[in-house]
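Model the structure of this input:
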Amino acid sequence: MTTAPKVTPLRALPPAEPVLEVRGLSKWYGRTHALDALSLTVQPGEVVGFVGPNGAGKSTTLRILMGLVSPSGGTADILGQSALNGSPNVRSAVGYLPGSPALYPRPTSRECLRFLQRVRGIDCRARVAELSARLEVDLEKHIHDLSRGNKQKIALIAALMHSPRLLLLDEPTSGLDPLVQREVERVLREAAADGVGILLSSHVLSEVEALADRVVMLHQGRTVLSAAMADITGRLVQRLTFEFADTAAESWFEGVRGVAAVEAHARHVEVTVNGSQAAALDAAAKHGVIAVHSHEQRLEDVFTELIPERAA
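Predicted coordinates:
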């Protein structure tokens, strides 16, 4: 029988103190700079989207935080203690989902999760039952008989089942069908509402946009964007197409607040708006607009603007 390591409870943190604080984290592989002085924080109950192209340094960061890779410089604290010394106190408070989860192939899913429960020394049966029902997992199937998506579900349950205070998630919905993806998003929102800090690395930018409070974007190991999602949303460019009953004129929108560009095509006018759409909508209403189509810029557009296409 596996003996669980003795874990001393971590001290309670003041509400304003982050569950994760990274300062100047760097990693060199020979002459390759995989991570260049990364600094970020995750507050209790906050979801931080961690995005960037392949090779940007996202997975390297998560591996360093889990003690699987040694950094070349910098510090990282989880719940006020160093994450870089492999402390079981720290690891017991973290739920980690790697980008390519490795599960023992022979046992059933239930046996695999029971083993992890014994290692942690925590009774997780109720949480496992809840999550397996919500994610539609058959716990009696052997790991080697599971599809990629079902293996991903087991890895997610393993990361969540012990009610961690920090989640480090690398592509959490990879291989999952859309309905299960939505359920995973609900589970993560509930965790954040309970005060769990979440660092979410994902190439599914719509998922980051739906879940994240803040976004940290990496390119070649360096931070190219760190901003609140609300601030990003407020700066997004929006394109509006107005349809009128008769021939329209560009002059109707000249000098209108927030309008950056106007192009008229017979009965249609395409307007580019920065910030609020209110003034442009008011201008269109004065001329008898009969239909409006909105084409809002998404986080993916910000991603492609800030990062060269060759690096995506």
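
Confirm residue 37 sits in a strand?
Yes. Counting by DSSP: H, G, I helix; E, B strand; the rest coil, residue 37 is part of a strand.

And the helices in the protein?
Using DSSP state H, the helices of the chain run over 58-65, 88-91, 109-120, 125-134, 148-160, 178-193, 205-211, 229-235, 278-286, 299-306.

Can you check which of the ones you listed gets nearest to residue 97?
Residue 97 lies closest, by C-beta to C-beta, to one member of these: helix 148-160, at 4.4 Å. Quick note: C-beta positions are derived from backbone N, CA and C, even for glycine.

Now do that closest one: everything it contacts.
95-98, 101, 103, 109, 112-113, 116, 127-128, 131-132, 135-138, 141, 143, 146, 167, 169, 172-177, 180, 184, 187, 191 (C-beta atoms under 8 Å, 6 or more residues apart in numbering).

Can you show me the strands along the stretch 201-312 of the chain?
214-219, 222-228, 237-244, 259-265, 268-274, 289-296 (DSSP state E, counting those that start in this stretch).

Deepest-packed of those, please.
strand 214-219 (a mean of 23; mean count of other C-beta atoms under 10 Å).

as a whole number, average confidence for it?
Strand 214-219 comes out with an average pLDDT of 92.

Export only the CA atoms of it, formatted as CSV.
The C-alpha coordinates for strand 214-219 follow below in CSV (Å, rounded to 0.1, in the frame of the first residue of the first chain):
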residue,chain,number,x,y,z
ARG,A,214,-7.0,38.5,-17.7
VAL,A,215,-4.8,37.4,-20.6
VAL,A,216,-1.0,36.9,-20.8
MET,A,217,0.3,36.4,-24.3
LEU,A,218,3.7,35.0,-25.0
HIS,A,219,5.8,35.0,-28.1
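
mind listing what it pairs with, with the direction of each?
Using DSSP bridges, strand 214-219 pairs in its sheet with strand 47-51 (parallel), strand 222-228 (antiparallel).

got JSON lines for these, with distance to residue 284 and mean pLDDT too?
Formatted as JSON lines, the strands paired with strand 214-219 follow (distance: least, C-beta to C-beta, whole Å; pLDDT from 0 to 100):
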{"stretch": "strand 47-51", "distance to residue 284": "34", "mean pLDDT": "94"}
{"stretch": "strand 222-228", "distance to residue 284": "30", "mean pLDDT": "89"}
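
Make a markdown table out of the ones you listed and add distance to residue 196.
Shown next, in a markdown table, are these (distance: least, C-beta to C-beta, whole Å):
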| stretch | distance to residue 196 |
| --- | --- |
| strand 47-51 | 9 |
| strand 222-228 | 19 |
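
In space, what's closest to residue 171 - neighbours in sequence excluded?
Using C-beta to C-beta, 6 or more residues apart in numbering and skipping residues adjacent in sequence, the residue nearest residue 171 is residue 99, 5.2 Å away.

actually residue 135, not the one I typed
Nearest residue to residue 135 in three dimensions, chain neighbours excluded: residue 153, at 4.6 Å (C-beta to C-beta, 6+ apart).

residues near that neighbour, how many?
Residue 153 has 24 neighbouring residues, counting by other C-beta atoms under 10 Å.

Look up how far residue 89 lies from it.
Computed as C-beta to C-beta, to the nearest Å, the residue 153 to residue 89 distance reads 28 Å.

Over to residue 70?
Computed as C-beta to C-beta, the residue 70 to residue 89 distance reads 19 Å.

more neighbours, these two?
Ranked by neighbour count (other C-beta under 10 Å), residue 70 and residue 89 place residue 89 first, with 16 against 9.

Identify the bridge partners of residue 261.
Legend: beta-bridge partners of residue 261 under DSSP bridges are residue 272.

so it touches residue 274, yeah?
No. Applying C-beta atoms under 8 Å, one finds residue 261 not in contact with residue 274, separated by 9.8 Å.

which of the helices of the chain sits most buried?
helix 58-65 (a mean of 23).

Tell me which other helices or strands it touches.
Under the contact criterion of 3 or more C-beta pairs under 8 Å, 6 or more residues apart in numbering; DSSP states H and E, helix 58-65 touches strand 20-29, strand 32-42, strand 47-51, strand 73-78, strand 166-170, strand 197-201.

From the chain's centroid, how far away is the fifth one?
Meaning strand 166-170. 9 Å (C-alpha atoms, centre = their mean, to the nearest Å).

same thing with the last one?
Taking C-alpha atoms, centre = their mean, one finds the center of strand 197-201 at 5 Å from the center of the full chain.

buried set for it?
197, 198, 199, 200, 201 (16 or more other C-beta atoms under 10 Å).

List the neighbouring strands of that strand plus their orientation.
Strand pairing for strand 197-201, using DSSP bridges, gives strand 47-51 (parallel), strand 166-170 (parallel).

Since that was my last question, I'll sign off now.
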